[in-house]
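Enquirer: I need the structure of the sequence given here:
(one chain, ligands or ions: 1)
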Amino acid sequence: MKVKKTGVALPAIHEMGRKIQQLSEQSGQEYLFLQRGINSVVNIDLREVVKTINFNTSEMQAYPPSSGRVELRKAINNEYFGGKTDITCISICGGGMPGIDNAFQIIDVRKIYLPVYHWGNYHNAMKIRNIEYDEYETFDDLKKIMPELSDCAVLLGDPGNPFGNKFDDEEFFAAIKQLNDNGTIVFYDSPYRRVFCGSDDNFYQRLLDLENVVILDSFSKSLGLSGQRLGFVHSKNAEFNHEMAVRLAFATNGTNAFSQILIEKLITTPEGKKAVNDFKTITVAEITKNIKYLDDAGLIANELYKGSTPIGIFAIINITEEDLLANRIGSVSLAKFTLSRKAEAAKYSRVCVSIPHEKFVEFFERMRTTKNG
Ligand SMILES: Cc1ncc(COP(=O)(O)O)c(C=O)c1O
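Expert: Presented below is the predicted three-dimensional model:
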């Protein structure tokens with residue numbers, strides 16, 4: 001069989017997960033799975049919400065519309081956009097990743113700029129689709145090359161992956177607006193934002209005035225439901241939305257109806273809102289304690305945060321992946337999140353800080369005692 005090879009490897013995180021699982025089984029010892037990108041403080045408690053769902057309906061059992069169920073798109077409009085957008089601007093996808101992949105394919109640009117340190121999936125998706133890559137480090141770097149960016153796209157995220165860092169909203173908005181006004185397409189991919197805020201957050205509403213901004217979001221992190229594979233894409237551009245509908249129709253035949261109904265219930269019903277609120281309150285409290293612990297212990301790589309603050313669900317620490325693994329802590333080397341800075345990044349690791357504080361401290365204290373003793 002002749003195969004068209006992309007040259008792209010499977011995500012490093014899967015390999016690391018297998019390795020840690022194996023080490024744990026062989027040694028019979030507990031390992032911390034901090035290499036993952038999921039909230040693991042608690043599960044969202046779906047018991048009361050599931051009781052509100054009727055499984056024996058045609059909505060549940062038949063094909064949903066390819067751009068997503070109208071009820072879910074209305075719920076997203078109310079929850080994320082204060083009811084101020086049009087549901088034809090919202091497309092439902094099977095998670096954040098397919099939204100990103102389709103959006104990258106739809107736009108006609110010379111290249112897409114990614115941050116120097118970025119989630120590897122962006123670059124791999126671009127490689128598979130033969131999309132030209134370039135990189136930037138700071139907003140100031142982008143400002144210096146504004147004229148060159150008018151036929152390009154720029155990807156931004158806040159809080160970002162791998163740093164788990166948050167910039168000032170005003171500063172971020174100003175950068176997005178400048179790019180938008182320059183004719184640059186801006187992908188605003190921030191699936192971690194809603195872990196830390198709720199429907200009173202009006203950032204997406206402010207982006208509605210910017211015609212070149214494409215918002216990419218997912219329920220994997222903010223609701224802890226990565227297994228349900230649900231996300232959405234928002235664009236004000238009718239042609240973009242038509243192409244997205246076409247791709248969703250012919251590449252997926254629509255997105256799982258059950259997960260759409262479940263998420264709609266979570267963001268609209270009293271039972272759902274309570275489950276979401278409880279999940280986020282407990283999760284953010286533990287994340288905050290874990291980041292403070294790392295900071296107090298001098299482990300956060302503050303020199304990399306440049307004008308931003310670590311808020312989670314990740315943090316970059318100044319210990320290597322190998323040293324962490326020797327102390328039974330899974331992580332991903334920062335070198336796996338960059339193409340151009342691998343050497344300097346190798347001394348840092350990305351850890352997920354969304355796990356119970358007590359467990360987190362237990363492992364890191366043991367490592368610190370061993371090192372100092
Ligand atoms: C920055 C970023 N964007 C998008 C996603 C996509 O999320 P998913 O496909 O799990 O919904 C992730 C997942 O880890 C991510 O880290």
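Enquirer: alpha carbons only for contacts and neighbour counts from here, please
Expert: Will do.
Enquirer: Leu46: what's its closest spatial neighbour, skipping adjacent residues?
Expert: Ala275 (6.8 Å; C-alpha to C-alpha, 6 or more residues apart in numbering).
Enquirer: can you pull the contacts of that neighbour?
Expert: Residues in contact with Ala275 (C-alpha atoms under 8 Å, 6 or more residues apart in numbering) are 44-46, 49, 266.
Enquirer: of the residues you listed - the most surrounded one?
Expert: Counting neighbours by other C-alpha atoms under 10 Å, Leu266 leads the contacts of Ala275 with 22 neighbours.
Enquirer: what does that one show for phi and psi?
Expert: Taking degrees, to the nearest 10, you get phi -60, psi -30 for the backbone angles of Leu266.
Enquirer: how near is the closest residue to it other than its chain neighbours to the ligand?
Expert: Excluding its sequence neighbours, the residue lying closest to Leu266 (C-alpha to C-alpha, 6+ apart) is Gly272, at 3.7 Å. With distances taken as C-alpha to the nearest ligand atom, to the nearest Å, Gly272 is found 19 Å from the ligand.
Enquirer: isn't Thr283 up against Val353?
Expert: No: with contacts defined as C-alpha atoms under 8 Å, Thr283 does not count as touching Val353, sitting 9.8 Å away.
Enquirer: ok, those two, which is more surrounded?
Expert: Neighbour count, other C-alpha under 10 Å: between Thr283 and Val353, Val353 has more, with 32 against 27.
Enquirer: quick one: that one from Ile311, how far?
Expert: Distance, Val353 to Ile311, by C-alpha to C-alpha, to the nearest Å: 9 Å.
Enquirer: which neighbours do these two share?
Expert: 287, 291.
Enquirer: kindly export stretch 46-55 (C-alpha atoms) in CSV.
Expert: Extracted in CSV, the C-alpha atoms of stretch 46-55 (Å, rounded to 0.1, in the frame of the first residue of the first chain):
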residue,chain,number,x,y,z
LEU,A,46,-22.7,15.0,36.2
ARG,A,47,-25.2,13.0,38.2
GLU,A,48,-27.9,15.6,38.6
VAL,A,49,-27.5,16.9,35.1
VAL,A,50,-27.8,13.5,33.4
LYS,A,51,-31.2,13.1,35.1
THR,A,52,-32.5,16.1,33.1
ILE,A,53,-31.6,14.4,29.8
ASN,A,54,-34.1,12.3,27.8
PHE,A,55,-32.2,9.7,25.8
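Enquirer: just how off-centre is that stretch within its chain?
Expert: Computed by C-alpha atoms, centre = their mean, to the nearest Å, the chain-centroid distance of stretch 46-55 equals 26 Å.
Enquirer: which parts of that stretch are buried?
Expert: Along stretch 46-55, these residues count as buried under the neighbour rule (16 or more other C-alpha atoms under 10 Å): 49-50.
Enquirer: for the stretch 51-200 of the chain, which residues are neighbours of the ligand?
Expert: When proximity is defined as C-alpha under 6 Å from any ligand atom, the stretch 51-200 of the chain approaches the ligand at 95-97, 119, 161, 189, 191.
Enquirer: dump those residues to JSON lines, plus neighbour count and pLDDT.
Expert: Below are these laid out as JSON lines (neighbours: other C-alpha atoms under 10 Å; pLDDT from 0 to 100):
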{"residue": "Gly95", "neighbour count": "23", "pLDDT": "97"}
{"residue": "Gly96", "neighbour count": "24", "pLDDT": "98"}
{"residue": "Met97", "neighbour count": "20", "pLDDT": "97"}
{"residue": "Trp119", "neighbour count": "17", "pLDDT": "96"}
{"residue": "Asn161", "neighbour count": "23", "pLDDT": "97"}
{"residue": "Asp189", "neighbour count": "22", "pLDDT": "98"}
{"residue": "Pro191", "neighbour count": "22", "pLDDT": "98"}
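Enquirer: show me where the stretch 201-350 of the chain has helices.
Expert: 203-207, 219-222, 238-252, 257-268, 270-296, 321-326, 342-345 (DSSP state H, counting those that start in this stretch).
Enquirer: helices or strands up against the second one?
Expert: It stands for helix 219-222. The helices and strands touching helix 219-222, judged by 3 or more C-alpha pairs under 8 Å, 6 or more residues apart in numbering; DSSP states H and E, number zero.
Enquirer: in terms of pLDDT, where does Thr369 sit?
Expert: We have a pLDDT of 88 for Thr369.
Enquirer: what about it, how many neighbours?
Expert: Thr369 is flanked by 9 other residues according to other C-alpha under 10 Å.
Enquirer: contacts only, for it.
Expert: Not one residue lies near Thr369 by C-alpha under 8 Å, 6+ apart.
Enquirer: equivalent analysis for Ser331, please.
Expert: The neighbours of Ser331, taking C-alpha under 8 Å, 6+ apart as the test, are 33-36, 321, 324-325, 349-352.
Enquirer: please report how far it lies from the ligand.
Expert: Taking C-alpha to the nearest ligand atom as the measure, Ser331 falls 14 Å from the ligand.
Enquirer: now Pro115
Expert: Distance from Pro115 to the ligand, by C-alpha to the nearest ligand atom: 11 Å.
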